[in-house]
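Novice: here's a sequence, model it:
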Amino acid sequence: MIKNIKNKSMKWWIGASLCLILFVIIATFAYIKTSFLMKGVQIEAVIDHNDSSPIANIKGKASNAVYLSLNGREIFIDKDGSFSETIALLPGFQIIDLKAEDKFGNTAEKTFQVMHEEDANTVALNENKIIN
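Specialist: Numbers count the residues shown, from 1 in each chain. From the prediction side, this is the model:
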């Protein structure tokens, strides 16, 4: 068998090399186009608010999501996954929950803990970090 490989012509080697290169290109392209299947849905979100106002704006991006809900209520997302939603903060402690789902049923969740005091600054707690 090794003798047969050594006796191949240059034309055969060029053809085999081109086939291998074509296979690598197709495999790379397929991986790039389907990599979102392995990543699933991801949520990046922040809360923007004015300290003197009980109104807060939650905005961010839900990559690969087709459904996004804020505290159980569906919110709209752009084609690229961006969203922005305004909510009213009630006095006291609140939990704000974002849930996203992709077309394959994969889900992601991001939770914010918010403390709003009447006539005081609003404090948002995100993953044990204080955001003013």
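
Novice: longest single helix anywhere in this structure?
Specialist: Longest helix in the chain by number of residues (criterion: DSSP state H): helix 10-39.

Novice: where in this protein is pLDDT low?
Specialist: Scanning the chain for pLDDT under 70 picks out 1-3, 50-51, 119-132.

Novice: where do the helices sit along it?
Specialist: Remark: helices assigned in the chain by DSSP H are 2-6, 10-39.

Novice: now the terminal residues of stretch 72-87, how far apart.
Specialist: One end of stretch 72-87 sits 13 Å from the other (Cα to Cα, to the nearest Å).

Novice: list the buried residues of it.
Specialist: Judged by neighbour count (16 or more other Cβ atoms under 10 Å), stretch 72-87 contains these buried residues: Ile75, Ile77, Gly81, Phe83, Glu85, Ile87. C-betas here are computed from N, CA, C, even on glycine.

Novice: quick check, nearest of the residues you listed to Asn4?
Specialist: For the buried residues of stretch 72-87, the residue nearest Asn4 by Cβ to Cβ is Gly81; the value is 54.1 Å.

Novice: what comes into contact with stretch 76-87?
Specialist: 45, 55-65, 68, 70, 75, 96 (Cβ atoms under 8 Å, 6 or more residues apart in numbering).

Novice: from these, which ones fall inside strands?
Specialist: Judged by DSSP state E, strands contain the following of the contacts of stretch 76-87: 45, 55-63, 68, 70, 75, 96.

Novice: relative to Trp12, which of those residues is nearest.
Specialist: Nearest to Trp12 among the ones in strands among the contacts of stretch 76-87: Ser63, at 45.8 Å, using Cβ to Cβ.

Novice: residues contacting the closest one?
Specialist: Here Ser63 is in contact with Phe36, Lys39, Val41, Gln42, Ile43, Glu44, Gly81 (Cβ under 8 Å, 6+ apart).
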